[in-house]
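K.L.:
Dropping the sequence and predicted coords here.
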Amino acid sequence: MADKSEVYFEITIVGTSAKVVAMDSVTGIEVAAIGPAKASVADLKQLALGKLKLAIAREAEIP
């Protein structure tokens, strides 16, 4: 990811599941992931951040 980018997170709990959305401030790429509601906030953010890094890497490969 770019050095000056920030990542914004939004976590929504629905029943026993948690939806976490991560968005990169520079590229505008946004991803969502689902995890257990009992998971820690840090774990949910790590899950979404990994998915975001993969999406940004894939976007960089497209000419």
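P.N.:
Happy to help now that I have it.
K.L.:
Quick one: residues contacting the closest residue to residue 18 other than its chain neighbours.
P.N.:
Residue nearest to residue 18 in three dimensions, not counting chain neighbours: residue 37, with 4.7 Å by C-beta to C-beta, 6 or more residues apart in numbering. Glycine gets a C-beta too; all of them are placed from N, C-alpha and C. The neighbours of residue 37, taking C-beta atoms under 8 Å, 6 or more residues apart in numbering as the test, are 13-18.
K.L.:
do residue 38 as well
P.N.:
Residue 38 is in contact with residue 16, counting by C-beta under 8 Å, 6+ apart.
K.L.:
a helix runs through it, doesn't it?
P.N.:
No: under DSSP: H, G, I helix; E, B strand; the rest coil, residue 38 sits outside any helix and is assigned coil.
K.L.:
Low-confidence ranges, this protein, go.
P.N.:
Segments of the chain classed as low confidence (criterion: pLDDT under 70) are 1-3, 63.
K.L.:
switch to 50 and redo it
P.N.:
In the predicted model of the chain, residues 1-2 satisfy pLDDT under 50.
K.L.:
quick one on the thing from earlier: relative to residue 46, how far out is the residue nearest to residue 18?
P.N.:
The span separating residue 37 from residue 46 equals 16 Å under the rule C-beta to C-beta, to the nearest Å.
K.L.:
Over to residue 56?
P.N.:
Counting by C-beta to C-beta, the separation of residue 56 from residue 46 is 16 Å.
K.L.:
Next: residue 57.
P.N.:
From residue 57 across to residue 46, the span is 17 Å (C-beta to C-beta).
K.L.:
In terms of neighbours, single out the busier of these two.
P.N.:
The residue with more neighbours, out of residue 57 and residue 46, is residue 46; 15 against 10, by other C-beta atoms under 10 Å.
K.L.:
Count the neighbours of residue 53 for me.
P.N.:
The tally of other residues near residue 53 (other C-beta under 10 Å) stands at 16.
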